[in-house]
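**Q** Here is my input, please return the structure:
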Amino acid sequence: MREADYKKKIVEYFKKNISKGYPPEALKWALIKQGYSRSAVEKSLDVANQEIAATAPILKEKPVITHEVFDEGNNAVSVNSSFLNKFKPHAFNVFVSLIIVGIGYLIGVFTKYLNLLTKPLNLLVLFVVCYIIVSLVKEVD
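**A** This next block holds a predicted model:
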């Protein structure tokens, strides 16, 4: 068998089995264990990969989907559809209130006189009061 036919046979073997889903490394070692020349197998694998890559479809960018909302007068309306965007104005208030409640809880745990701050209902009331105070202070600024 001529050298060119020999390599072409190995290239076709790689292309056929790679398209079936076999890993190229496993195919390479199977051929080497059957007595094929290691250099011929590696060169054939490179040629097979190049031929497969040449026939692969060119991937295009995914299209960007946009949408607009119109009112009854056919005017574009701005819609803030993100779930998190609805809560962004409240995030600072909640964060500060949780810090205050956490500090209150720690004070209640470490002191025997303020143990009322360890009860869940009292913590909830403290959170609501802190939230309202932080909201009012933030509005003044």
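**Q** ok, and for the helix or strand where Y13 lies, which residues are buried?
**A** Element membership for Y13 (DSSP states H and E) is helix 3-19. If you call a residue buried by 16 or more other Cβ atoms under 10 Å, then helix 3-19 has these buried ones: 7, 10-11, 13-15, 17-18. (C-beta placed from N, C-alpha, C; glycine too.)
**Q** Mind listing residues that contact that helix?
**A** 1, 24, 27, 31, 36, 40-41, 43-45, 47-49, 51-52 (Cβ atoms under 8 Å, 6 or more residues apart in numbering).
**Q** For it, C-alpha coordinates in CSV please.
**A** Coordinates of each C-alpha in helix 3-19 appear next as CSV, following Å, rounded to 0.1, in the frame of the first residue of the first chain:
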residue,chain,number,x,y,z
GLU,A,3,2.2,6.0,1.7
ALA,A,4,-0.5,8.4,0.5
ASP,A,5,-3.2,5.7,0.5
TYR,A,6,-2.1,4.6,3.9
LYS,A,7,-2.4,8.1,5.4
LYS,A,8,-5.7,8.7,3.5
LYS,A,9,-7.1,5.5,5.0
ILE,A,10,-6.2,6.6,8.5
VAL,A,11,-7.6,10.1,7.9
GLU,A,12,-10.9,8.6,6.8
TYR,A,13,-10.9,6.4,9.8
PHE,A,14,-10.5,9.4,12.1
LYS,A,15,-13.2,11.5,10.3
LYS,A,16,-15.7,8.6,10.4
ASN,A,17,-15.2,7.8,14.0
ILE,A,18,-14.9,11.4,15.3
SER,A,19,-18.2,12.1,13.6
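**Q** Check the offset of that helix from the chain's centre.
**A** 39 Å (Cα atoms, centre = their mean, to the nearest Å).
**Q** any idea which helix or strand comes after that helix?
**A** On the C-terminal side of helix 3-19, the closest following helix or strand by DSSP H and E is helix 24-33.
**Q** Would you mind writing the CA trace of that following helix as PDB?
**A** The C-alpha atoms that make up helix 24-33 are tabulated as PDB, following Å, rounded to 0.1, in the frame of the first residue of the first chain:
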ATOM      1  CA  PRO A  24      -9.700  11.500  19.000                       C
ATOM      2  CA  GLU A  25      -7.100  10.500  21.600                       C
ATOM      3  CA  ALA A  26      -8.800   7.100  22.100                       C
ATOM      4  CA  LEU A  27      -8.800   6.500  18.300                       C
ATOM      5  CA  LYS A  28      -5.100   7.600  18.000                       C
ATOM      6  CA  TRP A  29      -4.000   5.100  20.700                       C
ATOM      7  CA  ALA A  30      -6.100   2.300  19.300                       C
ATOM      8  CA  LEU A  31      -4.400   2.700  16.000                       C
ATOM      9  CA  ILE A  32      -0.900   2.900  17.600                       C
ATOM     10  CA  LYS A  33      -1.600  -0.300  19.600                       C
END
